[in-house]
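# Predicted coordinates and the sequence they were generated for:
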Amino acid sequence: MNNLSINTPSNAAPPPLAAAFSPPHTARFANFAPLQSPCFYHQRFDPAVNVERVLEEIAGDEYRSHSRLMQTALGVREVARQLQRRTCKMTVKAVMIVTKARDNELVTLTRELAVWLMANKGTVVYVDKKLQRSQRFNARGVEEMGHGEKLKYWTPEMCWSEPERFDLVLTLGGDGTVLFTSWLFQRVVPPVLSFSLGSLGFLTNFKFDLYREILDKVLDDGMRVNMRMRFTCTVYREENGELVEKDQFEVLNELVIDRGPSPYVSNLELFGDNDLLTIIQADGCIFSTPTGSTAYSLSAGGSLVHPDIPAILLTPICPHSLSFRPMLLNDSMLLRVSVPKGSRATAWCAFDGKGRIELRQGDFVTIAASQYPFPTVLSNSTEWIDSISRTLRWNTRGAMQKAWAGEEQEGEQEQVWDIDTDSGVYNSDEEGEDLSPVGRKMALLGMT
């Protein structure tokens with residue numbers, strides 16, 4: 001396949017991974033600077049961190065000493081820590097509300113929230129265009145209240161082409177609504193604040209009953225944001241001896257590659273920076289983000305991973321080899337999963353449970369850390385631990401282990417025992433090595 005070329009449509013911008021067969025150091029960074037994002041939200045941190053200067057220093061010092069390399073690594077880590085701790089205070093002029101337009105209860109709550117924002121905060125509110133003719137939402141009634149100029153409607157096309165319209169996104173629902181929001185914003189993503197109105201809710205950590213207090217604090221005092229990692233997944237197909245880019249997706253949870261309806265085990269080649277890592281023989285394989293570690297990957301035996309950890313989770317689905325265990329890979333690695341030309345069957349890809357695509361023999365998909373993360377507003381510093389404790393009952397047991405002795409209550413009389421120790425029953429005149437076998441065992445238990 002090394003003699004194949006990659007073609008892209010003439011009217012399209014070059015894909016970020018178009019140099020898939022270039023040397024590792026150029027393939028990953030062919031078109032985009034890895035630490036520089038065009039996201040308007042990320043540019044708010046420009047005064048705090050001069051990313052261009054850091055990149056210039058790294059590129060200009062090819063042969064650096066060990067101490068210099070260590071100082072740079074520590075500096076990058078400290079920059080990441082400071083960004084996570086920093087509170088972002090911005091002027092919110094336009095708010096987008098994402099909800100299930102078919103859920104009558106959520107439509108009512110959406111109307112309540114939109115009216116409150118327009119009346120009390122003076123913000124422009126964008127709601128789903130499907131609600132424009134909803135009798136329960138009653139857009140005409142909202143306009144008659146004097147909010148006609150502030151009530152607007154969003155469409156998926158607007159989210160794709162004009163994401164800078166929105167300063168803040170509010171979701172009403174469960175994790176599925178958050179994933180749908182990620183699906184809407186396939187490039188730049190505004191900060192997302194999610195209210196818990198679903199079933200589980202790993203990503204929804206704000207209670208809707210307190211939306212007034214929560215939004216007052218966020219809009220007036222600022223917010224802390226968790227930059228959740230996403231994957232850029234690109235599908236390439238072989239056509240007439242050439243590789244052509246077909247589809248590209250930004251994935252928040254996971255990419256799943258499985259055997260689909262085929263009765264044969266999946267046979268996939270896994271490459272990392274153009275080096276063959278392994279041949280996957282299993283029902284399938286899950287490539288998960290840390291955010292997706294609580295989803296399909298967890299059900300398949302993968303580990304829980306904190307969303308601040310930059311890593312790619314590789315979790316096999318019913319592998320043929322028992323030694324093929326889940327593992328974490330470096331997020332800077334460019335992965336490529338291909339279906340060999342000699343494979344008995346094809347494979348199927350699912351991107352966050354959507355967009356199921358068949359990979360035929362000779363096709364492949366690339367996986368890389370996206371330059372467009374998914375910023376979620378933090379409720380508190382222990383948000384992730386709280387969420388897995390609430391939803392999974394993580395490390396929760398029915399009853400705590402009893403102490404050796406109960407605590408004495410005030411005024412309680414000291415208990416008197418019939419015997420002081422077990423030696424009162426099992427006392428023996430034998431000592432040391434002269435103890436019988438039973439006596440030695442009793443001595444180990446402290447009962448002699």
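That came through fine.
# Return the helix or strand in the chain with minimum mean pLDDT.
helix 24-27 (a mean of 36; mean pLDDT, DSSP states H and E).
# For the helix or strand hosting residue 315, C-alpha coordinates in PDB please.
Residue 315 belongs to strand 311-319 when elements are defined using DSSP states H and E. Provided in PDB are the C-alpha atoms of strand 311-319 (Å, rounded to 0.1, in the frame of the first residue of the first chain):
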ATOM      1  CA  ALA A 311      -4.500   9.100  26.600                       C
ATOM      2  CA  ILE A 312      -6.100   6.800  24.100                       C
ATOM      3  CA  LEU A 313      -7.700   3.800  25.600                       C
ATOM      4  CA  LEU A 314      -7.400   0.600  23.600                       C
ATOM      5  CA  THR A 315     -10.000  -2.000  24.700                       C
ATOM      6  CA  PRO A 316     -10.500  -5.200  22.800                       C
ATOM      7  CA  ILE A 317     -14.000  -6.800  22.500                       C
ATOM      8  CA  CYS A 318     -13.800 -10.600  23.200                       C
ATOM      9  CA  PRO A 319     -10.200 -11.000  21.900                       C
END
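# chain center to that strand: distance?
Its chain's C-alpha centre and that of strand 311-319 lie 15 Å apart, by C-alpha atoms, centre = their mean, to the nearest Å.
# Can you tell me what sits against the helix or strand following it?
Of the helices and strands lying after strand 311-319 in sequence (DSSP H and E), the nearest is strand 327-330. Under the criterion C-beta atoms under 8 Å, 6 or more residues apart in numbering, residues 272, 303, 305, 311-314, 335 lie in contact with strand 327-330. In short, each C-beta sits where N, CA and C put it, glycine included.
# Pipe those into JSON lines and attach neighbour count and pLDDT per row.
Shown next, in JSON lines, are the contacts of strand 327-330 (neighbours: other C-beta atoms under 10 Å; pLDDT from 0 to 100):
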{"residue": "272", "neighbour count": "18", "pLDDT": "96"}
{"residue": "303", "neighbour count": "14", "pLDDT": "96"}
{"residue": "305", "neighbour count": "22", "pLDDT": "96"}
{"residue": "311", "neighbour count": "19", "pLDDT": "95"}
{"residue": "312", "neighbour count": "24", "pLDDT": "97"}
{"residue": "313", "neighbour count": "23", "pLDDT": "97"}
{"residue": "314", "neighbour count": "24", "pLDDT": "97"}
{"residue": "335", "neighbour count": "20", "pLDDT": "97"}
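# quick one: which two of those are the most distant?
The distance between the two most remote of the contacts of strand 327-330 (C-beta to C-beta) is 19.4 Å, for 272 and 303.
# Which elements pack onto the longest helix anywhere in the chain?
If you go by DSSP state H, the chain has its longest helix at helix 66-85. Applying 3 or more C-beta pairs under 8 Å, 6 or more residues apart in numbering; DSSP states H and E, one finds that helix 66-85 contacts helix 51-60, strand 223-228.
# What's the mean pLDDT across the first one?
It stands for helix 51-60. If you average the pLDDT over helix 51-60, you get 67.
# go on, stretch 274-286?
Averaged over stretch 274-286, pLDDT sits at 96.
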